[in-house]
Structure formats: C-alpha cells, structure tokens
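1. I would like the atomic coordinates for the input below:
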Amino acid sequence: MTEAHNGPSNEVPQTSSFTFKAHHRQVTTTPSSRRDSNLVNKHLRTAPSEQFNGKNEYLSTELDNCRVNLHDIFSKNAELRNQFNAAMAEVEAFSARVVELQNNFDMSQKDSLELSKELVDCKGLISSLQVEKKGMNEILDLRNNEKSKLLEEKEFHLFEIKNLVS
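-> Next comes the predicted model:
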C-alpha cells in the first residue's frame, strides 16, 4: 500500500522512474509499470468519486451555512453600526447641550455673583439711609418740638396782646 498523496492532483510524476515507501519497503517504478500505475490512478479517480461527491455535498452545505452565518453577522454588524452611529449622534447632541447648559450656568453664576455684590452694596446703602433717616427723624422731632413751643409762645403772646388790648 502507498502513502496518501496530499496534493491537489493525483498526477504521476513525469520522470523515468521514481521511488516511494510502502510498508517500510523501497519500491521503484519503471516505464513499464507506469501503465499499471495510470490504470490504478484512473480507478482511484473514479471509484471514490461517490465518496468525494458526498464530502463535496457536505462541504458545500457547510459553506452555505457559513455564508448564511456570515451574512447574518454582517447584517447584525451593520445594524449595530447604525445603532452605534445613532448613539454617537445622541452623545454629540447631549454633549453640545451640556456645553450650552454649562455656559448658561457659568453666566448665571457670574450674574449671581454680580447681583450678590450689588445686594451687599444695596444693604450698605440701606443701612446708611436708615441711619440718615433716624438722624433726620430726630431733627424733625426737634423741629416739631421747637414749632410746638413757638406755637405755644405765639398763643401766649396773642392771648396777652388780646388782654392788653381789652
């Protein structure tokens, strides 16, 4: 029995003789044995064709299954890529919104800081005005007291003038 040939063809070498090992024996072929070899090769090509056809059908079915699986994988990949692109678009939109909100927050915080400073200034002004108001109220009270005294004096003088005239 000869070693199996693993190449793509079953051709016989075109040399005048070649050797191969069979059951640990050296066998040499000659041109006369080449005709026998060709018959054996012809028989080998036709006999296992049913076996090869069965294997070919199996491999063809496996190849079709692989193609279907590959098509499914490509479809899922395309779907995932579309979902990824949509998610990235959403992320970009959210990022732009975050930047906008951060800018608005920064402006609001700046405005709030300015308003806080104005409020502190206004509180200082209010305190000053309240002190001034208190001082003016005291002056007003003094003036009113003076006016009341002057009115009393006027009445007293008018009363005396009236008494003197009568």
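
2. lowest confidence element among the helices and strands of this protein?
-> One helix or strand of the chain scores below all others by mean pLDDT, DSSP states H and E: strand 19-22, with a mean of 41.

3. can you tell me the helix or strand for Lys149?
-> For Lys149, the host element (DSSP states H and E) is helix 49-165.

4. helices and strands around that helix, which ones?
-> Helices and strands touching helix 49-165, by 3 or more CB pairs under 8 Å, 6 or more residues apart in numbering; DSSP states H and E: there are none. Heads up, the C-betas are built off the backbone N, CA and C, glycines and all.

5. How far away from the center of its chain is it?
-> 26 Å (CA atoms, centre = their mean, to the nearest Å).

6. Any regions of the chain where pLDDT drops low?
-> Along the chain, the model assigns pLDDT under 70 to residues 1-49.

7. dump the residue contacts of Asp121.
-> For Asp121, no residue meets the contact criterion (CB atoms under 8 Å, 6 or more residues apart in numbering).

8. next one: Val131
-> Shown in contact with Val131 (CB under 8 Å, 6+ apart): no residues.

9. Please report the distance of Leu142 from Glu155.
-> 20 Å (CB to CB, to the nearest Å).

10. What of Ser116?
-> Separation of Ser116 from Glu155 (CB to CB) stands at 57 Å.

11. swap in Gln109?
-> Here the criterion is CB to CB. By it, Gln109 lies 66 Å from Glu155.

12. and if you look at Asp111?
-> Relative to Glu155, and taking CB to CB, Asp111 is found at 62 Å.

13. Likewise for Ser166?
-> Separation of Ser166 from Glu155 (CB to CB): 16 Å.

14. From the neighbour counts alone, determine which of the two ranks first.
-> The residue with more neighbours, out of Ser166 and Glu155, is Glu155; 10 against 5, by other CB atoms under 10 Å.

15. Quick check: buried residues in stretch 105-124?
-> Under the neighbour-count criterion of 16 or more other CB atoms under 10 Å, stretch 105-124 has nothing buried.

16. Alpha carbons only: can I get that stretch in CSV?
-> What follows is stretch 105-124, C-alpha atoms only, in CSV (Å, rounded to 0.1, in the frame of the first residue of the first chain):
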residue,chain,number,x,y,z
PHE,A,105,-24.7,78.0,34.3
ASP,A,106,-21.4,79.9,34.2
MET,A,107,-23.1,83.1,33.0
SER,A,108,-25.8,82.6,35.7
GLN,A,109,-23.2,82.1,38.3
LYS,A,110,-21.4,85.3,37.1
ASP,A,111,-24.7,87.2,37.1
SER,A,112,-25.5,85.8,40.6
LEU,A,113,-22.1,86.9,41.9
GLU,A,114,-22.6,90.4,40.4
LEU,A,115,-26.1,90.5,41.9
SER,A,116,-24.7,89.4,45.3
LYS,A,117,-22.2,92.2,45.2
GLU,A,118,-24.9,94.6,44.3
LEU,A,119,-27.1,93.3,47.1
VAL,A,120,-24.2,93.8,49.6
ASP,A,121,-23.8,97.3,48.2
CYS,A,122,-27.5,97.9,48.5
LYS,A,123,-27.6,96.6,52.0
GLY,A,124,-24.8,99.0,52.9
